[in-house]
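K.L.:
output the structure for:
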Amino acid sequence: MIRRRPGMYVGGLDAFGLGMFLEHLLVLGFNAGRLGRVRNVCVDLLADGACRLSLDGSPWPLPPWTAPLASLEPWLTVDAFASKSVLVPVAPGIPSGIHCRDSEVYLGAINVLSSRFDVVAWSKGQTWRRRYREGRAEEDVLPLSVSDISESGLCITATPDDSLFESPCRFSWRWLQERVQALSAFHAGVSWTLRDESTGTEARFLREHGLADLCAELADTSFIREPWTFEGQVEAVWLRVALGWRHRPSRGLSSWVNLQRCLVGGPHHRGFLVGMRRAFVSRLRRLGRERDAQTFSDGALLEHLTGVLDLRVAPDILGNPHKRVFAPSEVEAPVARLAEDWVTRALTEDPELEATLFKFAGCEPAGGNGA
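P.N.:
Numbering: from 1, shown residues only. The predicted structure follows:
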């Protein structure tokens, strides 16, 4: 049934579908880094059209009494979920064979959509290998002794079935590079290495300061020495932000919702801008500049702003996959509240920067008008 309706799992059979196919492996690597289980993630686009994910640790806990692949198998296959005799424990962040709300990783479905799916897992000096074709195991587990690799790790090589996907069945290097450029910023300190075997192209990303590094890169010549960074939660909405300004027109707001790039103009954008405006107007009034507060225009201010927003909401509100991603309308008010508190505090702590930003917004210098 998965092979008859692949669009339900990867969004289509075109380039977007191939991207989502690879996305599941990327998010598996991201989750492993976020949980502190790996420090290096490698993604290779192979000459034969396959993609390979390599991790220098196990992406989820390995029970001490269980062989690595034995614990992996329920998350890699659909059969384990169809059999009542196999007990699959529920654990946040661990991918499922078909569907997992917490991690949004569907390894079993990707396995079924692959003409070949090779898995190598190792731990404590032993390596286990398994090959699948169209989701079915082709050979038994083969334990091999190893001595020259990390203590534990995982390598998955997946070949999209070209009888299902539109030809040519090739992953986009440009898409991969742009995706990891952002994905690497959502969790600091994890190294990502990308390689394209056909062209010899290679790229590396290591964000020591997470979103702040991405914001500084996008802002290029920000006059703020270090981007403003904030994070917080209101109700079921969790938001992280990095902001920078430069004298020349800038790139505006870029945002991601549940790790997916979000279109400009969604409710969280409106909420963020409303919160910023409230903060600036409130500061002007507190400083006794009522006329400026009444005529405040945020257009020029935003023209110089580079902002990076990382929004997390309940996965059952925003599912996957989506070709068009918007945050749900419920997030506008919580985001506005968070933004207002953060920006008010930042302006209060840096009067010199506050004066510069007021100038961008067309406000007169302090003392230029009264209440």
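K.L.:
flag every buried residue along the helix or strand hosting T356.
P.N.:
In the assignment (DSSP states H and E), T356 maps to helix 351-360. Neighbour-count burial for helix 351-360, with 16 or more other Cβ atoms under 10 Å as criterion, is recorded at 353-354, 357-358, 360. Any C-beta I mention is one placed from the backbone N, CA and C, and that applies to glycine too.
K.L.:
same check, this time on stretch 29-42
P.N.:
For stretch 29-42, using 16+ other Cβ under 10 Å, the buried residues are 29-33, 35, 37-38, 40-42.
K.L.:
what segments of the stretch 151-300 of the chain are strands?
P.N.:
With DSSP state E, counting those that start in this stretch, the ranges of strands along the stretch 151-300 of the chain come out as 152-160, 191-196, 201-206, 228-234, 237-245, 252-257, 260-261.
K.L.:
nearest to V274 among the buried residues of helix 351-360?
P.N.:
If you rank these by distance to V274 using Cβ to Cβ, L357 comes first, at 16.9 Å.
K.L.:
excluding chain neighbours, what is closest to the closest one?
P.N.:
With Cβ to Cβ, 6 or more residues apart in numbering as the criterion, L357 has its nearest non-adjacent residue at 6.1 Å, and that residue is L301.
K.L.:
tell me the contacts of that neighbour?
P.N.:
280, 357, 360-361 (Cβ atoms under 8 Å, 6 or more residues apart in numbering).
K.L.:
ok, back up a step: adding distance to W60, write the buried residues of stretch 29-42 out as a markdown table.
P.N.:
As requested, those are arranged in a markdown table below (distance: Cβ to Cβ, whole Å):
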| residue | distance to W60 |
| --- | --- |
| G29 | 12 |
| F30 | 13 |
| N31 | 8 |
| A32 | 8 |
| G33 | 12 |
| L35 | 8 |
| R37 | 7 |
| V38 | 11 |
| N40 | 17 |
| V41 | 15 |
| C42 | 18 |
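K.L.:
those residues in helices, which ones?
P.N.:
Using DSSP state H, the members of the buried residues of stretch 29-42 that fall within helices are 29-33.
K.L.:
returning to what we had before: the residue nearest to L357 belongs to a helix?
P.N.:
Yes. According to DSSP: H, G, I helix; E, B strand; the rest coil, the state of L301 is that of a helix.
K.L.:
just the pLDDT for it.
P.N.:
Listed pLDDT for L301 reads 73.
K.L.:
give me the distance between it and A293.
P.N.:
Taking Cβ to Cβ, to the nearest Å as the measure, L301 falls 14 Å from A293.
K.L.:
can you show me the CA trace of stretch 18-25 as CSV?
P.N.:
Below are the C-alpha coordinates for stretch 18-25, written out as CSV (Å, rounded to 0.1, in the frame of the first residue of the first chain):
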residue,chain,number,x,y,z
LEU,A,18,13.0,13.0,-3.6
GLY,A,19,13.9,15.9,-1.2
MET,A,20,11.4,14.6,1.4
PHE,A,21,12.8,11.1,0.9
LEU,A,22,16.2,12.4,1.9
GLU,A,23,14.7,14.7,4.5
HIS,A,24,13.8,11.7,6.8
LEU,A,25,17.4,10.8,7.0
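K.L.:
just the residues contacting it, thanks.
P.N.:
Outside stretch 18-25, the residues touching it (Cβ under 8 Å, 6+ apart) are 9-12, 43, 51, 53, 95, 104-107, 109-110, 113, 156, 158, 160, 165, 169-172, 175-176, 179, 321.
K.L.:
please apply the same query to stretch 185-200.
P.N.:
29-30, 33-34, 38-47, 173, 176-177, 180, 183-184, 201-211, 213-214, 256, 259, 308, 310.
K.L.:
what residues sit buried inside it?
P.N.:
Neighbour count says stretch 185-200 has 185-187, 190-196 buried, by 16+ other Cβ under 10 Å.
K.L.:
closest to V331 out of those?
P.N.:
F186 (17.6 Å).
K.L.:
any idea of the pLDDT on that closest one?
P.N.:
91.
K.L.:
where is pLDDT lowest across the buried residues of stretch 185-200?
P.N.:
For the buried residues of stretch 185-200, the least confident entry is H187, with 88.
K.L.:
from P328, how far out is V335?
P.N.:
In terms of Cβ to Cβ, V335 sits 11 Å off from P328.
K.L.:
between these two, which is the more surrounded one?
P.N.:
Per other Cβ atoms under 10 Å, whichever of V335 and P328 has more neighbours is V335, with 26 against 15.
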